[in-house]
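Asker: Curious how this folds, go ahead:
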Amino acid sequence: LTCNRNLLMSASKAKKQLLESFSRTIDEIFSLNEFEELIDSKKKIRIKYGVDVTSPYLHIGHAVNLWMMRELQDLGHKVVFLIGDFTTQIGDPTGRNNTRPIIPQSEIDKNAEEFIRQAKMVLRFDDPDLLEVRRNSEWFSKYQLSEFLKLLSMVTHSRLISRDMFQRRIKNQEDIYLHEMIYPILQGYDSYVLESDLTIIGSDQLFNEMLGRFYQQRFGQKPQVIITTKITQGIDGKAKQSKSLDNYIGLGHSSRDKFGRCMKVPDELIMDYLKIYTKVPKKEISIIEKEIANDPMTWKKFLAEEIIKRYHDEASARSEREWFENTFSKKITPEDIPTIEVGGSQWIAIDLVNKYFDNSKSSSEVRRLFKQGAVSVNGENIPLFDANIAIVTGGVVKVGKRNWFKIKVVGN
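Answerer: Numbers count the residues shown, from 1 in each chain. Now for the predicted structure:
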């Protein structure tokens, strides 16, 4: 009896700790009672994590969900990593005012590999009992039209058209294509096929996953629990993190890039980023909240270190902070800058800078850097993009706040 009582107390404590940890990032849950029942059931929970591989990148906003799944993996539960290779060909219209282009299969396969590489920074892929990789082409590529029509017959047009992004398009008199309307049906059906017990998503996916619950109930399965997570503004303080807006901190970014991007986070978002994107204890966050107004830069550097610790290691966090402070506070030129070989000792300024960027920036972007006073050679500002400059081996060119290169003159 004593042993059983201790086991019950231990299980209760573990559940309490899990719920407390999740409370930092949960926005809504459908429903809390169902989730607690799921935890109490002692079954191995199947956690659906579905991705359409339209663009092969993950940022720290996506990783909020991954870290929650990792906690469940550490308790012995399984993540079913669903690569939506079939649905990617349609494209979820979430947050878009136009139809997504169709992506070739070769690009889908390449993107899927990159997704997995980045997800491995958080999820455990080393144990088949904790992670299973599936593709929804397994069932949809051989799905009979007659069976698909049965799926369609279960959902009304008014239900589908109620989705917020469709309503926005209607309001703006923009087209909605039929393949976009059936996307939520396909995503919902995935939950039934995978026998999903739980899915952790951004709130923009709620409509689709609620259809998952609907189909599971219609086909006699226990409906999945849905947890939606908090979404912050990106590092520009405006829209949510997005690759197209370049306002994100990517899992694939180097530790140096992560630190630099953290430095762009507006002061008013530092606390939200600490709460949602780090594991700094709540008590410590409460103390920081009282002190942050006096010295936001110190706490912004602290935030950057904590994010780098989470995805890299403590040594990298210390090293990147030291690099940042030496470079931007003490104005010390970094030692690990690249060397560019150039021919001749006389150059037009813009041609020299273009050589460094290797045509990755347009001429107008580079000219703007000169106009902003962001280009210097050996500490001397070069305001004119068409200036003739004399260069020597060992000279240092600085472009913008974070780009330097050394010159090595070769030939005559």
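Asker: in this structure, what spans have low per-residue confidence?
Answerer: Low-confidence segments of the chain, defined by pLDDT under 70, are located at 1-11, 91-101, 412.
Asker: 50 - rerun?
Answerer: Flagging of the chain using pLDDT under 50 yields the residue ranges 3-9, 96-97.
Asker: Can you verify my assumption that residue 182 contacts residue 152?
Answerer: Yes - using C-beta atoms under 8 Å, residue 182 is in contact with residue 152, at 7.1 Å. Any C-beta I mention is one placed from the backbone N, CA and C, and that applies to glycine too.
Asker: Can you show me the strands along the chain?
Answerer: Shown for the chain, the strands assigned by DSSP state E span residues 26-30, 46-51, 78-83, 131-135, 198-202, 225-229, 339-343, 346-348, 375-377, 380-381, 388-390, 396-399, 403-410.
Asker: Give the buried residues for the fourth one.
Answerer: The one in question is strand 131-135. Counting neighbours by 16 or more other C-beta atoms under 10 Å, one finds that the buried residues in strand 131-135 are 131, 134-135.
Asker: Helices of the stretch 51-200 of the chain, residue ranges please.
Answerer: Along the stretch 51-200 of the chain, the segments classed as helices by DSSP state H, counting those that start in this stretch run 60-74, 105-119, 137-140, 145-153, 157-161, 164-171, 178-181, 183-193.
Asker: tell me the most buried of the ones you listed?
Answerer: Comparing these on average neighbours per residue, with mean count of other C-beta atoms under 10 Å, the densest one is helix 183-193 at a mean of 23.
Asker: Now do that helix: which elements does it pack against?
Answerer: Under the contact definition 3 or more C-beta pairs under 8 Å, 6 or more residues apart in numbering; DSSP states H and E, helix 183-193 sits against strand 46-51, helix 145-153, helix 206-218.
Asker: hmm, try it at 10 Å
Answerer: Judged by 3 or more C-beta pairs under 10 Å, 6 or more residues apart in numbering; DSSP states H and E, the packing partners of helix 183-193 are strand 46-51, strand 78-83, helix 137-140, helix 145-153, helix 157-161, helix 206-218.
Asker: Send over the third one as CSV, restricted to the C-alpha atoms.
Answerer: Just to be clear, that refers to helix 137-140. Provided in CSV are the C-alpha atoms of helix 137-140 (Å, rounded to 0.1, in the frame of the first residue of the first chain):
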residue,chain,number,x,y,z
SER,A,137,1.5,10.6,-49.4
GLU,A,138,1.5,7.1,-47.9
TRP,A,139,-2.3,7.2,-47.8
PHE,A,140,-3.4,10.1,-50.0
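Asker: Any idea what the spatially most central residue of the chain is bridged to?
Answerer: Of all residues in the chain, the one closest to the mean position by C-alpha atoms, centre = their mean is residue 59, 1.9 Å from it. Note on residue 59: beta-bridge partners by DSSP bridges are residue 250.
Asker: how much space is there between it and residue 403?
Answerer: Distance, residue 59 to residue 403, by C-beta to C-beta, to the nearest Å: 22 Å.
Asker: Likewise for residue 326?
Answerer: Counting by C-beta to C-beta, the gap from residue 326 to residue 403 is 16 Å.
Asker: what does residue 345 give?
Answerer: According to C-beta to C-beta, residue 345 and residue 403 sit 22 Å apart.
Asker: rewinding a little: figure out which of the helices of the stretch 51-200 of the chain is closest to residue 236.
Answerer: Each of the helices of the stretch 51-200 of the chain has some distance to residue 236 by C-beta to C-beta; the shortest is helix 60-74, at 13.4 Å.
Asker: Could you check the angle the closest one makes with strand 225-229?
Answerer: Relative orientation of helix 60-74 with respect to strand 225-229: 140 degrees, computed using axes from the mean of the first three to the mean of the last three C-alpha atoms, to 10 degrees.
Asker: contacting residues around residue 138?
Answerer: Residues counted as contacts of residue 138 (C-beta atoms under 10 Å, 6 or more residues apart in numbering) are 82-83, 85-86, 193.
Asker: Noted, bye for now.
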